[in-house]
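Undergrad: A predicted structure for the sequence below; I have some questions about it.
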Amino acid sequence: MEARNRAFQLLKPPCVKLSESALKLMGKGGNIKDVVRNLEQVRETLQKISVQKDVLNDKLADYAFFPLSHVLKQLEKLPVRAQELTLECLSILLRTAWKHHMAPELGIQLLILFSFMADQKGAKTSEELQELILQCFRAVFQTLGYEQAGQEALTNTATVPHLGKAASVILDGVSDGSSDVVQLAAIEALEAFTKALSDLDALATSFLPGIMSCLTKVLTPKAAKRSSKVLAASLDVLGYLLPRIFNDTAVRKLPETPKKRGSTTQLDQTWLKATSPQIKMALANIIKLRQHDRSNVKRALAALSVAILEQCRESLSESTSMMLENIVTLADKDDRIEKELQHLLLTDQQYAEALRSSLHYWIISLPRIMQLSDDTAKTHRMHQISLSFRLLSEQGVDMSIIETNLASNLRDSVLNAIHDPKEKRTIIEYSSEVTSLELAHLNQSHSIEFDQILASKKSQIVMVDEVSNLVRQLSQITNSFLLVQDLINGLHGSSGNVQLASLWLSLNLLRQSIEHTMAMDDILDFGSSQANQKEDLLEQVYDFSVGILTESSAVERDWRLQAIALEAIAFQASQQKLDFRNELIEALYPVLHLLGSPVPQLRDHAITCLNIVAKECGYMSSGELVVANVDYLVNAVALRLNSFDISPQAPQVLLMMVKLSGPSLLPYLDDLVDSMFAALESFHGYPKLAELLFSVLKVIVEEGVKAPLLAIEAEGEHDKHRKRPLESSYMPAVATSIADVRNYKAKVKETDVDIDTNIEAFPQRPWKEPQSMEEEAKDEPPPPSDVELPPPAPKTYSLLLNISKLTQHYLTSSSPELRTSLLALLNTTFPALAKHENSFLPLINTLWRVLLSRLEDSEAYVVVGVLNVIRAMCINAGDFMSGRISEAWPSIKRIYRTRTGKAGSRFASSRSIRPSTTKTVDFIITQQNQQLSQSSAQAHYVDAPSRIIWDSLVQLLTTIVSYVATDDEAFEDTIQMLAPVITSRTDIREALEGRNADAVWLALFRMDTSKPHHNTNAITDNASQQFSSVIPASTLGRQFALLA
Amino acid sequence: MAQPQIQSSTLPPAQPAYVLRGHAAQVHALHFFRKNSRLLSGDAEGWVIMWDIATKRAAAVWKAHDSAILGLGSWGDERIISHGRDNALKVWQIRRDDESTFSTGLPVGDSVTRRKEPWLLHSLPVNALNFCAFAMCSEQEMKVGNEKEMRDRNETQSGSILVAVPGLQEGFVNIIQLPSEERLHTVQVSNEEKGVMIMALQFFYKNEMLHLISGLESGKTSLQIFLNTKWKTLFRSATHSQPILSLGLMPDSSSYFTSGADSIIGMHVIESMSKAKTIQTKHSGQQSLTVRSDGKIFATAGWDSRIRVYSTNTMKELAVLKWHKEGCYSVAFADIAGMDVAESATTTDSSCGSDMILRTVKQRREDKARQTHWLAAGSKDGKVSLWDIY
């Protein structure tokens, strides 16, 4: 009481003032500013008082309203500001004093007033004003709705027009409100309105259409610009309004036919029939909002759906499935909505059944959806299916109806998801580089995760991920086995993408299911029958996969199918762990085989699979896996080669195996090599294949020569054919000087040893007594052995020998690469083969003719190869070659003339800086050469082919001189040919001098004199002096004799 | 691509299921044992390899003899009999549990190092001047029951056995009892002057009587029975012009097949003593002949590097298996008679409890390996090819 009195005291002065100023204004003498100022005061006072609870009662309100009513009467005269203040005052009153009670007449009058105010346009209104009006509307409706009398007043026939006006004003505010705040206020007012109106008939017939159309307009998805609050609030209104009108209990009571004819305000079944489709249409538009990105909107929408589902299931039965679908969609990423949905399903079995039939439809239509280009639709549908599946299986709903079609529909969906009409099949080229790549990969890559291969385009990848998710859901239902069994049964009869999809699906289902139950089995024991079923199914998938992979490559296969088969193998390995080692007999080779696939993704897959298998089987690396199971691989490769399967993979795998396993593998390979020979014989017309096979043979050879018994031993052994430097035994008369010569040579040798450390190996054996000429010409033939000694390491040796022999047939091949690689192969085998002379010398004999003809080869590097092989023959066979060298001599000379392009002169410039025994001579001549070459080096350019031929030729000639007895004529030629490099290459010079030092000197001398030089004589004199001091007199004499 | 060989049949040429590479020398003898889970192979250098058929890898490798192996046999599941040209017949004991202790290093990789040898139970000095392998049969003490029963019992129990080897004197066969190592009989199989070197032996009980078939260098075969403490020659037949190389006995001992250095295969029915039925194969040198345990087919290993499979009924050639590039010296069938599904199920039952499904992958693979109708062929190239046919 005390407070009220104080409040009254506070309120009185501004109210009196306001009353006065308003009255003055009415009497045309007033001042608008005064009114405004007084209004402000009244508002402030009211605000102050309203803070205190329950102080502002009816009396005080009436007292305060009195001056306000004066203002309201002449509201049109007042500025917007005054209107706002007035409304604020009213609003305070409505919120406090009149909150629960107010004279209905006053309420109605206020409504009329507000409607009028809200209708004002232009400068007469403002956003704030609109908001205030709407707030006041809401307050009035709330107050009126609170009381019986108020409700009655609202439904009074007389007020209906005013109510209608108010409603339309509010709805205008909702749809066309100038800002979010206004719209929000309007919606709140609308809500208050619907709640206040107790007459359902009136609400349903008079206002519902308007409200629905307005809200539908607001809630169209295009209204993205509207704030989410507005949308959510609108949805809330609907969520209240629709169940209020259409709730099943109310609707059930509706009479079948109208009681009074012509009455429009009466609800009946006819009305319901007419209205519910419209509601459905409206809802159909509204639920498009589920794609809205704000969660409050989604939740409001979900609440609406739940409300409709729970309360209007019968009355709006046409909309229920739609709403259910809607809520499933919404529940996808929102746990709260999902809980609601769960709850809904729990409460009534009917929903579960409804959802199940929806699910059934969705699954059936999934393949069709997957064909569309609309990716969101696909994702959407997929989510729906997986969520419903989960929910339903959680509820323990009987899913047998759905499962019957699931397998085929799922498969078709995958099929459509990965189907790419634009995809073109291109012919895949086998690249020869694969061989080298795969080895590098095998050692580097440790990836144990498979890349996705089913889809190539981004959208497809998303889709496949979605399907995977779905599969994960499905795998958890208990009888997913039936599903897998269905798919597996379809595997064998199908082909192409269908097969692919089936395999992918069944594998993924199994994988998910097994992983799922593994987690479960840790906690619970379900008995073994399920686990066995799974194992059995996996076994089937595995068998099928191995079948696919081991098929002959002649069958054109989709590489993706093979990739999935690889995944199946890897998965099986991960299930069986160490036990999988036994499966490697069948499984390892196909995997390795695919390492050579021309499809890079498939190669990656194979590598990953190999890594997984290696890991699961307890091997350190995939390399170790291969080595440990090389016997299985040998078998598989042998069978492949034996069946004349000419795909390049088998040789490639072999190549890798040999490289990884080393020489110990070779004894097992004899029949493989035989098969390769047979393949070469049958397919020699295919240079690429022959090349590949030979590259394998080459690797075999490279590893073979590493075999312990064949490995190159001591240098001395290796050099057994090397010539000792020839002693000057030409003139028996000077035989006495031999001793001097020997001494001299020994001395030279001593100094040599110190200095020429980097020179090519030199005889290490002690010098023997000179032999007679006859013996030297023959040059110690291999000691004749009565017993045929078996070669060392018989199997490997005969392998190498066979391979070497075989080359003769292919040296004439049209592919220069093959020819080169064959020659390199021979180079590799010779040192090892030379270990058994009785086999080696016939081999040379066999190969010689073919090699000789290759000296005329048009390709420089082939010629180089031949020269190198001849050189290797000379080193390893020694004098056995002498007859053959003389046979080849014309060809060698021809090569020198025509193929070296005078490359020799270039070499003259690269003078040796290594010290030599005959330092002084060397110095002088080098100086000369330097001068000579300075002019000639710029004079002509030497092309690469000529240069490499020249290099090899020099090496060959040096070797011939060192290892093979040739006639003097050839030696003369040799010196002539080598003349340009004698001075610069000490090793060559050593070799030549070893044969005939005098001839070398003479050649140098001649070269020297033949070159025009301004100081020739002096130099020559000098040189001869030098020589005479170094060269023993006997040989010098011979040289001069020759000169003369 | 044209096939290098023109095939008259529509099927592609058969491929071996697996090739066991391990011997550095010719494979002379093959023998499946332990219910087909192991295969024994012996080569010309005296090496014996016991292969695990499931993993296709060596389970044990040792050098049983200093010279070529002539024959291999098993006595129960744990005793192996080997007959070498070093004039020895050895009985080895190799227990399942000990298997892991043996070397698996194959002779082709290293034929010098001695491997651990199994426990040597018996070593009998026998004559092995020629290439005739021993023949063995379980000694029958009870003279009741039918063939099948006896057979089963003999297989399961490894009681005493009788071993027949050619005697020191040409034309004589010694029959030795094991484990007593007692020489029970010496039988003269031929009374001719020349060409009586024994090339092949078969030795069995029929109608409770010991029967001995011997194939001779002259191309003749002779059948002796032990009747009333005396050996009696039942009949002799001369079907081959060249030495007999192998004898194959039908499992029911009703008849036997002969192959020789010539191109003839002969079939002799024991009961009727009628003239032998022969076929001309046109491939001379059929080193080894074996009849499968179901008596439906037999196979020969030929010097022409081919394995041929024939029907025992019609003696028609059913298949030619070509893989080896060198002559084949031996052929062996896996025992399929006792390997019906039911029986294998019971064996699994006993081995891993009542739950059939709980078989591990390994066991499944082993079962599969056991039930497969293997045909093994050993060749001069040191390889043993396994064929999964019929």
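TA: Arrived safely, thanks for sending.

Undergrad: which positions in the stretch 101-250 of chain B make contact with chain A?
TA: Applying Cβ under 8 Å from any Cβ of the partner chain, one finds that the stretch 101-250 of chain B approaches chain A through B:Val108, B:Gly109. In short, each C-beta sits where N, CA and C put it, glycine included.

Undergrad: in the stretch 101-250 of chain B, what residue is nearest chain A?
TA: B:Val108 (4.7 Å; Cβ to the nearest Cβ).

Undergrad: so is the closest residue to A:Tyr542 other than its chain neighbours in a helix, a strand, or just coil?
TA: Closest residue to A:Tyr542 apart from its sequence neighbours, by Cβ to Cβ, 6 or more residues apart in numbering or on different chains: A:Gln572 at 4.4 Å. Secondary structure state of A:Gln572, per DSSP: H, G, I helix; E, B strand; the rest coil, is helix.

Undergrad: ok, now which ones touch A:Gln572?
TA: A:Leu538, A:Glu539, A:Tyr542, A:Phe580, A:Glu583 (Cβ atoms under 8 Å, 6 or more residues apart in numbering or on different chains).

Undergrad: mind checking which of those are buried?
TA: Burial by neighbour count, 16 or more other Cβ atoms under 10 Å in any protein chain shown: within those this picks out A:Leu538, A:Tyr542, A:Phe580, A:Glu583.

Undergrad: got TSV for those, with distance to B:Ile264 and pLDDT too?
TA: Shown next, in TSV, are the buried ones among the contacts of A:Gln572 (distance: Cβ to Cβ, whole Å; pLDDT from 0 to 100):
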residue	distance to B:Ile264	pLDDT
A:Leu538	53	82
A:Tyr542	49	84
A:Phe580	50	81
A:Glu583	45	80
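
Undergrad: looking at it, A:Asn625 is touching A:Ile607, isn't it?
TA: To be clear, residue A:625 is Leu; Asn isn't right here. No - if you go by Cβ atoms under 8 Å, A:Leu625 and A:Ile607 don't touch, sitting 11.9 Å apart.

Undergrad: mind giving me the domain ranges of chain B?
TA: B:18-24+B:131-388, B:25-125 (automatic domain parsing).

Undergrad: show me the helices in chain B, by range?
TA: B:147-156, B:341-352, B:361-371 (DSSP state H).

Undergrad: surely A:Leu304 touches A:Leu241?
TA: No - between A:Leu304 and A:Leu241 there is no contact under Cβ under 8 Å: 9.9 Å.

Undergrad: of these two, which one has the most company?
TA: A:Leu304 (28 against 24; other Cβ atoms under 10 Å in any protein chain shown).

Undergrad: one step back: what about the residue of the stretch 101-250 of chain B closest to chain A, how many neighbours?
TA: 20.

Undergrad: so who does it touch?
TA: B:Val108 neighbours (Cβ under 8 Å, 6+ apart): A:Pro667, A:Tyr668, A:Lys795, B:Arg21, B:Gly22, B:His23, B:Ala24, B:Gly382.

Undergrad: show me the shaky parts of the stretch 201-350 of chain B.
TA: B:273-274, B:337-350 (pLDDT under 70).

Undergrad: number of residues surrounding whichever residue of it sits closest to chain A?
TA: Minimum separation of the stretch 201-350 of chain B from chain A (Cβ to the nearest Cβ) falls at B:Lys325, amounting to 5.9 Å. Here the number of neighbours of B:Lys325 (other Cβ under 10 Å) works out to 16.
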